[in-house]
Each structure stands twice: as structure tokens, then as C-alpha cells.
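Asker: Okay, structure incoming, though there's no sequence with it:
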């Protein structure tokens with residue numbers, strides 16, 4: 001009875017496998033198309049048995065080398081793709097070893113240049129604020145005399161500011 005159960009279980013598995021493979025074959029080649037091919041092969045084998053046997057022997061003996069070649073080609077492509085990916089990753093890793101220190105150096109230099117520019121800006125602004133004169137929005141020089149009065153020097157004939165003592169005082173404000 002135990003042998004019978006194993007045998008029926010094996011048959012059930014075989015039938016499931018056959019049905020599964022039949023469904024996949026039906027998706028690739030429809031049953032009517034497959035039936036036409038079976039009929040054509042049967043007709044060829046009955047009408048021209050010598051030609052059919054020649055083609056059958058050629059197909060049977062050539063199938064193994066063709067399948068081996070297809071497997072070799074697929075394996076070669078897979079290995080070459082994997083090799084290309086690994087080769088690329090290796091060299092990208094090597095390039096990263098140069099990129100990271102370069103970026104650190106560039107960051108440090110740009111940070112130093114920025115700090116220098118900001119320090120220069122604040123130093124020049126501090127010095128400019130302590131000058132005894134300034135320039136207003138119209139480009140005129142503004143200063144104060146010893147009494148604290150604001151003195152504005154204007155351009156003469158639009159040729160530039162005249163800084164000589166004889167320069168005209170345009171406006172004096174308190």
C-alpha cells in the first residue's frame with residue numbers, strides 16, 4: 001500500500017509538471033499552430049520518409065552542439081557583463097580615492113579664500129568708517145571741519161573732485 005501511494009504521488013506530480021509545461025508551451029505557440037506543425041511533420045514523414053529521416057538525424061545530432069554553443073554564448077555575455085561591471089566599479093573606486101582628497105583640498109582652499117574675503121571686507125569697512133571724509137550717493141566728498149560742520153565738495157565742470165584748498169564749498173550744514 002505504501003508503494004502504491006508513492007507511485008500515485010509521483011504520477012500526480014508528473015501530471016502537474018506536464019500541465020504546467022503545456023500551459024507555457026500554449027502561451028508561446030498556440031495549439032492550432034502547433035497542430036499544423038505536427039500535421040506537416042507527419043505528412044512529411046509518411047510521404048518522404050528518406051528526406052524526413054535525413055532531417056531528423058541532422059536535427060538530432062546538431063541539437064546538442066547548437067544548445068552548447070547557445071549556452072556558451074549566453075555564459076560569455078553574462079561573464080563579460082559581470083566583468084565590465086566589476087571593472088567599472090574597481091576604477092570608480094580608484095577614482096574616488098583621488099576625488100575625496102581633491103574635494104577636501106578644494107573645500108579648504110575655498111574656505112580660506114572666503115574667510116580672507118570676509119576679513120578684508122570687514123577691515124576695509126572698519127577703515128572706511130574711520131576716514132575723515134566720505135563719499136555721498138552723488139559722488140561728492142563730504143567732510144567735517146573742526147567745528148563739526150559738514151562740508152561738501154562738488155565736482156567742477158563734471159571733471160572730477162577738486163581737493164585743493166581753493167575748492168568751492170558747495171554746502172555747509174551743521
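Answerer: Everything's here; your move. Worth saying up front: this structure is predicted, and the values here are computed from it rather than measured.
Asker: Neighbours of residue 153, how many?
Answerer: Residue 153 sits with 20 neighbouring residues when counted by other CB atoms under 10 Å. Using the backbone N, CA and C atoms, a C-beta is placed for each residue, glycine as well.
Asker: That one contacts residue 141, correct?
Answerer: Yes: contact status for residue 153 versus residue 141: in contact at 4.4 Å, counting by CB atoms under 8 Å.
Asker: And for residue 154, the neighbour number?
Answerer: By the measure other CB under 10 Å, the count of residues near residue 154 is 16.
Asker: Can you check the pLDDT for it?
Answerer: The model reports residue 154 with a pLDDT of 71.
Asker: got it, and residue 146?
Answerer: Note on residue 146: pLDDT of 73.
Asker: show me the contacts for it.
Answerer: With contact set as CB atoms under 8 Å, 6 or more residues apart in numbering, residue 146 has no partners.
Asker: Does it belong to a helix, a strand or coil?
Answerer: Following DSSP: H, G, I helix; E, B strand; the rest coil, the label given to residue 146 is coil.
Asker: distance of the residue nearest in space to the middle of the chain from residue 46?
Answerer: Geometric centre of the chain, nearest residue: residue 92, 13.0 Å, by CA atoms, centre = their mean. Distance of residue 92 to residue 46, given as CB to CB, to the nearest Å: 64 Å.
Asker: again, but for residue 123
Answerer: 106 Å.
Asker: do residue 150 as well
Answerer: Taking CB to CB, one finds residue 150 at 123 Å from residue 46.
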